[in-house]
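[1] give me a model of this one.
(chains A and B)
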Amino acid sequence: MKLADTFALAWGSLAQQPRRTALIGLAMSIGVGAVVVLTALGEGARGYVLAQFAGLGSNLVIVIPGRAETTGAAPGVLSGQTTRDLTLADADAVSRLPGVSGVAPLNVGTAQITRGSLGREVVLLGSTAPLLTIRNMHLGQGHFLPAGANDQTTPVCVLGDRIRSELFGNANPLGEWVRIGDRRFRVIGTLAPQGQQMGFNTDETAVIPVAAAQQLFNTPSLFRILIEARGRAAVPRVKQATLDLLKTRHEGEADVTVIAQDAILATFDRLLTALTLAVGGIAAISLGVAGVLIMNVMLVSVAQRRSEIGLLKALGASGQQVRSLFMVEAGLISALGAVGGVILGLAASFVLGRVYPQLPIVPPFWAVAAAVATALGAGLLFAWLPARRAAKLDAALSLARR
Amino acid sequence: MIQLDNISRTFQVGDQQVLALREVSLSIAAGEYIAIMGPSGSGKSTLLNLLGLLDRPDSGRYTLDGRDVTGLTEVETARVRREKIGFVFQFFHLVPRLTAAANVALPLLLAGVPAAERKPRVAQLLAEVGLSERAEHLPSQLSGGQLQRVAIARAMSMHPALLLADEPTGNLDRATGREVMSVLEGLNQRGATLIVITHDQEVGARARRRIVMEDGRILHDGAT
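    A predicted model of the protein is given here:
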């Protein structure tokens, strides 16, 4: 029997029952579509998180005071208990390490910022000039903090976009004075609107020199040291060198935690990939259900078409030919469902991408391929039993009954 | 052409053994025209199924064209059926979703004859049974006599040497039945061995040789 004839004959019997065929195809489509959409969502979430990290600046190494036993981004790590302060002198020493292209010491706190009668709470960042590039911040107007020794307490500040608009409206803020805490600062620049980044909104911050922030908060210590390595390859080396250096400076005690952004990134990447696989796998269960549905319908079909099967055998069809006829039928339904499911999944992904434009929702190719393969596999696997039953039908008996 | 030696076939009905055929021996020459008659349950359908290789005997030997076909594999018997045997049934057994032409083409399709070659052969077969204009009709659009003629055309599509008809007129009125019988007899005159099962005395009387069966045995076998 020619392959084309087998397909034509199988297709004919499917076309005979359009509604039944369409419904099983739909069941397959839903399964395939679910896999496509859910993996697309998972990949979207992963892409979103990775983009957020990338927004923090690349090749970043972060020094946190205190020793943490675990790595990751759990809140406990980020607020490790400290024994020795991390100081500006530490930051200076780190900046002289080979492979380091920039260092920004960081102090963070909240303070009241006022201009005339207008005032509000602000997240105050005390830092130095390199922060702008290390954190991928963008300047709106004016200048960022002046370069120079990092112990200068020059009373200047750079305002986040939201702070600027709330205090100055449409007026030009450059050169104006604002009061932060109990000190006066001259506005020398503003940040471009940037929005939320890793739960931190640059629009609602003000940046002042780190030494000024230490005086304002009355603390000799730093919250973080942000280090930018010279290239991705230098990151592990810089991380180790920083740890060694600070250990020496802190009387041989490794009382700081040095994390590479790479490590956090890799952890998130693994986590979200696992999540994508999990939701994809759960969706794939529905493909198994669709397979059982195919088996059920095929069994009914074999029972209904006994006399047709008997006839084919009388006309000279071997059991194997009958079996391949039924397998091709199941394969065609599955293929139909798979194609429908891919279309359904792509359409749904497209709509979701429109609803959540910040998520890069694109179904990964491997997921689409896996869903289609699973659909075909499930269809053929579950059709095996009915097809075998058809092949083994007793022709004489099947023909005797009408 | 056909040689049956001590063929027996038993069916299990509930917890009872039913002997459908008891040591039947039979010899049929090529080109014969035989009617098999007998009451229901006499074993004539079982005999026809065995002759058509749709069923296997429990014991005995069946030689077809000088070849022992009793022990052939499933694939081999399918091949013998396809190439040497044509079936005509009481209930026609046309595939309802296929046109008359497609039904006739089925054995060719199963034999792997290419589509281009099938077309002229099917047209000729339908012309031989006088249904050229009905080629694209579905079975539901055809009368009983026409259905049976499509079935005969299908049975002849591989030019089998043996034509087995199980009550071919059982579902037709007398006039149509005669028409169908004359089509079958025409094929017999052109050399096909024709074996017809029938209840109908008139149909039985047309055959040159009559076999009467009862209780799984041949009661009478002779020329009419």
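
[2] contact partners for residue 161?
    You didn't pick a chain, so chain A it is. A:Gly140, A:Thr190, A:Leu191, A:Ala192, A:Pro193, A:Gln194, A:Thr202, A:Asp203 (Cβ atoms under 8 Å, 6 or more residues apart in numbering or on different chains). Using the backbone N, CA and C atoms, a C-beta is placed for each residue, glycine as well.

[3] not what I meant, chain B
    The contact partners of B:Ala161, by Cβ under 8 Å, 6+ apart, come to B:Met1, B:Ala30, B:Asp65, B:Lys84, B:Gly191, B:Ala192, B:Thr193.

[4] ends of stretch B:99-119, what's the gap?
    Start-to-end span of stretch B:99-119 (Cα to Cα, to the nearest Å) is 13 Å.

[5] could you tell me which residues of the stretch 251-400 of chain A lie near chain B?
    A:307-308, A:310-321, A:394-396, A:399-400 (Cβ under 8 Å from any Cβ of the partner chain).

[6] in helices, which of these appear?
    A:307-308, A:310-314, A:319-321, A:395-396, A:399-400 (DSSP state H).

[7] phi first, then psi, for the closest residue to chain B within the stretch 51-200 of chain A.
    As assessed by Cβ to the nearest Cβ, chain B sits closest to A:Ala51 within the stretch 51-200 of chain A, at 55.3 Å. Per-residue torsions, A:Ala51: phi -70, psi -40 (degrees, to the nearest 10).

[8] among the residues of the stretch 251-400 of chain A next to chain B, which ones are buried?
    By neighbour count, with 16 or more other Cβ atoms under 10 Å in any protein chain shown, these hold A:307-308, A:310-319, A:321, A:395-396, A:399-400 as buried.

[9] so which residues of chain B form helices?
    Assigned by DSSP H, chain B shows helices spanning B:44-51, B:74-84, B:100-110, B:115-128, B:144-156, B:174-189, B:201-206.

[10] an error on my part: the question was meant for chain A.
    Under DSSP H, chain A gives helices at A:3-16, A:18-55, A:75-78, A:88-95, A:131-134, A:161-168, A:210-217, A:235-249, A:261-304, A:306-314, A:319-355, A:365-392, A:395-400.

[11] and among these, the most buried is which?
    Compared across those, helix A:306-314 shows the largest average neighbour count, a mean of 24 (mean count of other Cβ atoms under 10 Å in any protein chain shown).

[12] from chain B, how far out is the residue lying closest to A:Asp182 once chain neighbours are set aside?
    Distances taken as Cβ to Cβ, 6 or more residues apart in numbering or on different chains put A:Leu216 closest to A:Asp182, at 7.8 Å, once the chain neighbours are dropped. Separation of A:Leu216 from chain B (Cβ to the nearest Cβ, to the nearest Å): 87 Å.

[13] what's the per-residue pLDDT of A:Leu216 here?
    The model reports A:Leu216 with a pLDDT of 90.

[14] just A:Ala348 next, same as before
    91.

[15] isn't it right up against A:Val37?
    Yes: with contact defined as Cβ atoms under 8 Å, A:Ala348 reaches A:Val37; the gap is 4.7 Å.
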